[in-house]
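> Kindly generate the corresponding structure for this input.
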Amino acid sequence: MMPLRASAAVAATRRQIAAADPGPLATLRGHDLTVKERSALLDCYATPDRTFLEIATTHGLDRERLQDLWFDLFIKRTV
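Below is the predicted model of the structure:
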């Protein structure tokens, strides 16, 4: 049987990980996006093997707009 301390340490680690990487939904909050844009961005996040063109066409968006949103919201700049 595992001691209680070990499970508490694992839970703390999970909380730290969750705080460090809030995920796609938290990233989208607070931005003025349409439903189509939000759906397309979540689709990009969920299916990285598809191209921006495929996803943009599926959701009725312009590929350039979708790609710009993706890079602005999900690619962190290190400058």
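> can you give me the helices in this protein?
In the chain, the segments counted as helices under DSSP state H are 4-20, 24-28, 35-46, 52-59, 63-74.
> Report the helix or strand with the lowest average pLDDT across the protein.
helix 4-20 (a mean of 56; mean pLDDT, DSSP states H and E).
> Which residue, other than its chain neighbours, is closest to Ile55?
Closest residue to Ile55 apart from its sequence neighbours, by CB to CB, 6 or more residues apart in numbering: Asp43 at 5.0 Å. In short, each C-beta sits where N, CA and C put it, glycine included.
> Thr58: what's it in contact with?
Ala40, Asp43 (CB atoms under 8 Å, 6 or more residues apart in numbering).
> From Gly30, how far off is it?
Applying CB to CB, to the nearest Å, the value for Thr58 to Gly30 is 25 Å.
> Now do the contacts for Leu73.
Leu73 sits in contact with Thr27, Leu28, His31, Leu41, where contact means CB under 8 Å, 6+ apart.
> Output these as a markdown table; include the columns neighbour count.
Below are these laid out as a markdown table (neighbours: other CB atoms under 10 Å):
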| residue | neighbour count |
| --- | --- |
| Thr27 | 14 |
| Leu28 | 17 |
| His31 | 12 |
| Leu41 | 23 |
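> Which pair of those residues spans the longest distance?
The two members of those with the most space between them (CB to CB) are His31 and Leu41, at 9.5 Å.
> pLDDT on stretch 57-66, on average?
The average pLDDT for stretch 57-66 rounds to 95.
> And it, what's buried?
His59, Leu61, Leu66 (16 or more other CB atoms under 10 Å).
> OK, contacts around the closest residue to the last one other than its chain neighbours?
This points to Leu66. Distance criterion CB to CB, 6+ apart; nearest residue to Leu66, sequence neighbours excluded, is Ala56 at 4.5 Å. Counting by CB under 8 Å, 6+ apart, Ala56 makes contact with Ala40, Asp62, Arg63, Arg65, Leu66.
> how much space is there between Ala56 and Asp62?
Counting by CB to CB - Ala56 and Asp62 are separated by 6 Å.
> How about Asp43?
15 Å.
> Same question for Ser39.
14 Å.
> Please apply the same query to Pro48.
Counting by CB to CB, the gap from Pro48 to Asp62 is 20 Å.
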